[in-house]
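[1] Here is a sequence with its predicted model. Questions after.
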Amino acid sequence: MLDFDTTTALWWAVVASGIYHGVNPGMGWPLAVSSALMTKTGGSLLRALVALAVGHLLAMITILLPFSALLVLVQWQHEIQVAAAVLVIALGVYLLINRRHPRFLARVPPTRLALWSFLAAMAHGAGLMLVPIYLGICKTIDTNAGHAAAARLITGDVEIALIVAFVHTGAMMLSGGLIAIGVYRWLGLRFLSKGWFNLDVAWALSLVLVGVLALTVGHSA
Amino acid sequence: MNLRPDPTFYPSPRMAMEAPAETLAFTLMLSPDGAQPDGLAVVDVDPKSPTFGQIVHQVIMPNTGDEFHHFGWNACSSSLSPLSGHAFLERRYLIIPGIRSSRIYVIDVKEPLKAKIHKIIEPEEVFDKTGYSRPHTIHCGPEGIYVSTLGGGGEDGTDGPPGIFIMDCETFEILGRYEMDRGAQDKHYDFWWNLPRDYMVSSEWGLPPQFENGIVAEDLLANKYGHSIHFWNLRARKNVQTIDLGANHQMALEIRPAHDPAKDYGFCGVVVDTTNLQGAIFTWWQKEDGTFDAKKVLTIDPRPEDPANLPPLLQGFGAVPPLVTDIDLSLDDKYLYVACWGLGEMHQYDVTDPMKPALAGKVELGGIARGAAHPNGKPFVYGPQMVEISRDGKRVYWTNSLYSTWDDQFYPGEDGGQMVMAHVGENGGLTLDPDFYVEFPKGYRSHQIRLEGGDCSTDSFCYPNT
């Protein structure tokens, strides 16, 4: 019942969420600008971007892989999807109620951007946002695969998890990187204070939205 | 919480300089004998306003005996780093500690002319949660609001060393001590940092028994006041290096790092050299290997004076020491202002080369055994003391009181509080504005000044100048 369009849409969702995370200053691109300005070299901008991306990628993998393992339980696939969607909604609601930023993030030294990026992504549920999308993609593949052997299914799901994480992080790094380079080269720091919007509420609502979509659209599909 | 960063948060010092000029100043008023409650004066500094140079609002506290000294904002430009997660705070509250009472007031100045008390933290809470007393300097930084203290625990504040504690920047809860490893640090005064380079520098005045009832001449002559500066790994909260400026360099007070975080140096003012009564400026810097060094780059000589004209404390020396009690650096890191509270002079040094300060301007006002009058003909009690520079670097404001009991020793019989302003010339130089002269209400002295929207000793920047 899942057709080509659904799969394509889900992959686009992976890319879109990457762009969404990338352009959000709270996920780190201003730190790349700061690095470049501190050393007066574009190289440090790239290094900072890579560090931020590595941290983000690890956070995505850390969240997605346990779900790949769960997918072994093929007969529970639907329940897993529902549980994941509920989890994402719960986190969104929690972030709506508790608007405080975790203070431990401020303890991470500016030299350890990968660690900071990892912790920031974990704390804000950036990886969790991907889970319903990922599970949706797995469902399409598994359905197409029909009665493939369980072992192959697991490998397949792990592969998809990694691809989802890479594609998402790639989109994140590219979009955040473009803004960082733009600000460093042309736009100037004024863009930082003018173009930074408080996305806390929007972020929490997007978590809820992704969860609700997974429950409704995913279910009907 | 704002939807956009507060417009008074500036990514770089240069952008702060380009912001609109200040129209209001906040100045602390203290009652030296505790006869009246201390207060916060809102001063009109807009030359186009009919009330220019007047106090347009006062917030008077409900307690007496606080002794207001330094204060600061709940949030500043340091919030613009994603690392802090506080980009959407408002610059709205002034945190005012009483250094005698250890009480802390949080004043809401969102509507400056209706500024009001938002929260009071009682001394017991400070003692219980930190083991420190006599809170002093306020800076907003990565983990919230950092407060330096001058005293440890116990009645006289000598039970354990003083240090820094952290307050939540939204709820103003005291969270606890800053230090994980204080190393050799056993006295405290000022502190500031370089945020991207992740270090902090702190300084030393003396322990409470050395200042609360007046300067202790024997301790000074025995070089027992602070004379070291400490370098910290800011986020690891560890003292990584202590530099002793030399025991004769008594009272290393204000720490002024270059505002541009790409620059890797800063200054520290030393009140008095006990070998020759000179005041001094040290420049400190971070070396290639990450360790720090410091060097004396400027000395200011005492002025010989007939002992008959001197207060008893100084008669034996036959000279007026400069007493470098406050320094402040303009946002372009070009001019360092040095208050010589004893001489009664405000000096302006060009520190384009931080190792070679060059005198660029000077104003004489007040002073021991001199008492130079203001251009408007009125007296200026004591000498130039707490100095604050406008963001654009064109105006310099200062007040006159150092610390209640010390005022009385160095300037016996005098009393009063004034705030003045000087204009900075295109190529340096300093000229007092004859029309700006704030006389504080009877019985009040004045101390630190904060300017609306940030100034040169509050904001720390996360991004270098471009």
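    Received, thanks. Numbers count the residues shown, from 1 in each chain, chains lettered A, B, ... in the order given.
[2] so how far is stretch A:14-23 from its chain's centroid?
    7 Å (Cα atoms, centre = their mean, to the nearest Å).
[3] On the three-state scheme, the residue of the stretch 351-466 of chain B found nearest chain A is what?
    Proximity to chain A, evaluated over the stretch 351-466 of chain B using Cβ to the nearest Cβ, is greatest for residue B:464 at 4.4 Å. (Each C-beta comes from the backbone N, C-alpha and C, glycine too.) Under DSSP: H, G, I helix; E, B strand; the rest coil, the three-state class of residue B:464 is coil.
[4] dump the residue contacts of it.
    A:34, A:37-38, B:12, B:260-262 (Cβ atoms under 8 Å, 6 or more residues apart in numbering or on different chains).
[5] in the chain, what spans have low per-residue confidence?
    Defaulting to chain A. A:1-4, A:142-154, A:218-221 (pLDDT under 70).
[6] you looked at the wrong chain, it should be chain B
    Using pLDDT under 70, chain B drops low at B:1.
[7] What residues does it have near chain A?
    Neighbours of chain A within chain B, by Cβ under 8 Å from any Cβ of the partner chain: B:1-5, B:7, B:9-12, B:15, B:80-88, B:142-144, B:170, B:195-198, B:233, B:235-236, B:261-262, B:462-464, B:466.
[8] Is it possible to mark the buried ones in the residues you listed?
    B:5, B:9-12, B:15, B:80-88, B:142-144, B:170, B:195-198, B:233, B:235, B:261-262, B:462-464, B:466 (16 or more other Cβ atoms under 10 Å in any protein chain shown).
[9] burial of whatever residue of chain A ends up closest to chain B, as a residue count?
    Closest approach between chain A and chain B, counting by Cβ to the nearest Cβ: residue A:101, at 3.3 Å. Residue A:101 has 19 neighbouring residues, counting by other Cβ atoms under 10 Å in any protein chain shown.
[10] rewinding a little: now tabulate the contacts of residue B:464 in CSV and tack on secondary structure and distance to residue B:51.
    Shown next, in CSV, are the contacts of residue B:464 (DSSP: H, G, I helix; E, B strand; the rest coil; distance: Cβ to Cβ, whole Å):
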residue, secondary structure, distance to residue B:51
A:34, helix, 41
A:37, helix, 41
A:38, helix, 43
B:12, coil, 33
B:260, coil, 35
B:261, coil, 38
B:262, coil, 40
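[11] Turn those into a markdown table, including distance to residue A:23.
    Listed next are the contacts of residue B:464 as a markdown table, based on distance: Cβ to Cβ, whole Å:
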| residue | distance to residue A:23 |
| --- | --- |
| A:34 | 17 |
| A:37 | 20 |
| A:38 | 22 |
| B:12 | 22 |
| B:260 | 28 |
| B:261 | 25 |
| B:262 | 26 |
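[12] Need the max-distance pair from these.
    Maximum pairwise distance in those, criterion Cβ to Cβ, is 12.3 Å, between A:34 and B:260.
[13] Settle it for me: which of these two has more neighbours?
    It is residue A:34, of residue A:34 and residue B:260, that has more neighbours when counted by other Cβ under 10 Å, with 32 against 19.
[14] ok, now which ones touch the more buried one?
    Per Cβ under 8 Å, 6+ apart, neighbours of residue A:34: A:48, A:110, B:81, B:196, B:462-464.
[15] how about the helices of chain A, start to end?
    Counting by DSSP state H, chain A has helices at residues A:4-23, A:29-39, A:42-70, A:77-97, A:113-123, A:126-145, A:150-182, A:190-195, A:200-220.
[16] Name whatever forms a beta bridge with residue B:176.
    residue B:166 (DSSP bridges).
[17] is it true that it touches residue B:164?
    No. In this structure, residue B:176 is not within contact of residue B:164 by Cβ atoms under 8 Å, at 10.5 Å.
[18] Looking at the two, which has the bigger crowd around it?
    Neighbour count, other Cβ under 10 Å: between residue B:176 and residue B:164, residue B:164 has more, with 25 against 11.
[19] Please tell me how far that one sits from chain A.
    15 Å (Cβ to the nearest Cβ, to the nearest Å).
[20] What of residue B:109?
    21 Å.
[21] quick one: the strands in the stretch 201-350 of chain B?
    In the stretch 201-350 of chain B, strands defined by DSSP state E, counting those that start in this stretch lie at B:228-233, B:238-244, B:249-257, B:265-273, B:279-286, B:292-300, B:303-304, B:319-320, B:324-329, B:335-340, B:345-350, listed in chain order.
[22] Nearest to chain A: which residue in chain B?
    Closest point on chain B to chain A, by Cβ to the nearest Cβ, is residue B:85, at 3.3 Å.
[23] so who does that residue touch?
    Neighbour list for residue B:85: A:26, A:101-102, A:105-106 [criterion: Cβ under 8 Å, 6+ apart].
[24] May I see those residues organised as a markdown table, with distance to residue B:411 added?
    A markdown table is the format used below for the contacts of residue B:85 (distance: Cβ to Cβ, whole Å):
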| residue | distance to residue B:411 |
| --- | --- |
| A:26 | 52 |
| A:101 | 48 |
| A:102 | 51 |
| A:105 | 49 |
| A:106 | 44 |
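[25] Name the residues of chain A found near chain B, please.
    A:25-28, A:30-31, A:33-34, A:37-38, A:40, A:99-103, A:105-111, A:116, A:120, A:188-190, A:192-194, A:196-198, A:200.
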